[in-house]
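J.: sequence? don't have it. structure:
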Ligand code: RIB
Ligand code: CA
């Protein structure tokens, strides 16, 4: 375990302030439910990026999740509808066309806020920088919004106490043999983030594939008999289709919840401070996170790379957080 992160700033009520940037997406939705359940955090904003599905679908999905969770006071901001320099490539084969296929979801009870997510990130992180009160950020989709914000004003990095990214991998890929989806969608944005003056932790497939929620525990969620418990179980049911077909898993890696949990409690994920570069022009390895595991390049480490996870403690945190939501 290497020491990660500066001390997160407590908000006025003593809770830590966190911004979440996501592309709902089944595991994004569960990660959001986890974050919203935590007493340690004030989820100040949820910003949306195109990735698992189109931007309008992802915005709608986020609003539907907040509606089920009865947390429609949380501001949702739409961000970029395509990567910084490439065309958008989505993951309907994993998440369905809507991005949240499976559960029957209510119409959103709230609309997104008018401020564009990139404007929000530049404004809010700039304020945190100026006030000397850096805040936490979780990114569970392509890094397009954060990359665009950093391109506009690199100094906003000083407004971030700690950023945890779900993305990348040391050893494998899930959308190509070489690349993980979030990085592959927008490698240029990922390079902006990893090269910024940021305390960034990468929770990649090497970690998330060790934190499978077994199908037996889907029933723990379903048996809660609450709207959120049922939603989480049904999201897992649909998410299982891809993972059992592709990997033969008897469960699902809730990638994004693992990253959010690593932000909440850094002791959950073991990390090593390593050099990470992003491949942006390769026929076979485009979007790969090139992790210098043995420091052979001699280049300065820039990312805290997840290498292991306390699986049972993470899963217990996840299930107990979902269980904390009230009944209908
Ligand atoms: O590769 C997994 C990641 O890509 C997750 O964040 C999933 O939601 C998709 O965005
Ligand atoms: Ca995601």
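T.: Arrived safely, thanks for sending. Fair warning: this is a prediction, and the values are worked out from it, not measured in the lab. Residues are numbered from 1 along each chain as shown. Ligands and ions are numbered 1, 2, ... in the order given.

J.: for this protein, which spans come out with low pLDDT?
T.: Flagging of the chain using pLDDT under 70 yields the residue ranges 1-9, 11-12.

J.: if we go to 90?
T.: Under the criterion pLDDT under 90, the flagged ranges of the chain are 1-14, 327-328.

J.: longest strand of it?
T.: The longest strand of the chain (DSSP state E) is strand 269-278.

J.: Is residue 192 in contact with residue 147, as I believe?
T.: Yes - the criterion here is Cβ atoms under 8 Å, and residue 192 meets it with residue 147 at 3.9 Å. Every residue, glycine included, has its C-beta placed from N, CA and C.

J.: what do these two both touch?
T.: residue 84 (Cβ atoms under 8 Å, 6 or more residues apart in numbering).

J.: The two: which has the busier surroundings?
T.: residue 147 (27 against 22; other Cβ atoms under 10 Å).

J.: residues making contact with the host helix or strand of residue 246?
T.: Element membership for residue 246, per DSSP states H and E: helix 227-247. With Cβ under 8 Å, 6+ apart as the test, helix 227-247 has contacts from 26-27, 29-30, 33, 65, 68-69, 93-96, 100-103, 105, 209, 213, 215, 218-219, 221-224, 249-254, 322-323, 325, 327-328.

J.: what comes up buried for it?
T.: Buried residues in helix 227-247, defined by neighbour count with 16 or more other Cβ atoms under 10 Å: 227-240, 242-243.

J.: same check, this time on stretch 310-325
T.: For stretch 310-325, the neighbour count (16+ other Cβ under 10 Å) marks 310, 314, 315, 317, 318, 319, 321, 322, 323, 324, 325 as buried.

J.: tell me which of those is nearest to ligand 2?
T.: Closest approach to ligand 2 among these (Cβ to the ion): residue 318, at 15.5 Å.

J.: And the residue most central in space within the chain, how far from ligand 2?
T.: Nearest to the geometric centre of the chain sits residue 140, at 1.7 Å (Cα atoms, centre = their mean). Residue 140 sits 4 Å away from ligand 2, going by Cβ to the ion, to the nearest Å.

J.: That residue against residue 258, yeah?
T.: No - Residue 140 is beyond contact range of residue 258, at 9.5 Å (criterion: Cβ under 8 Å).
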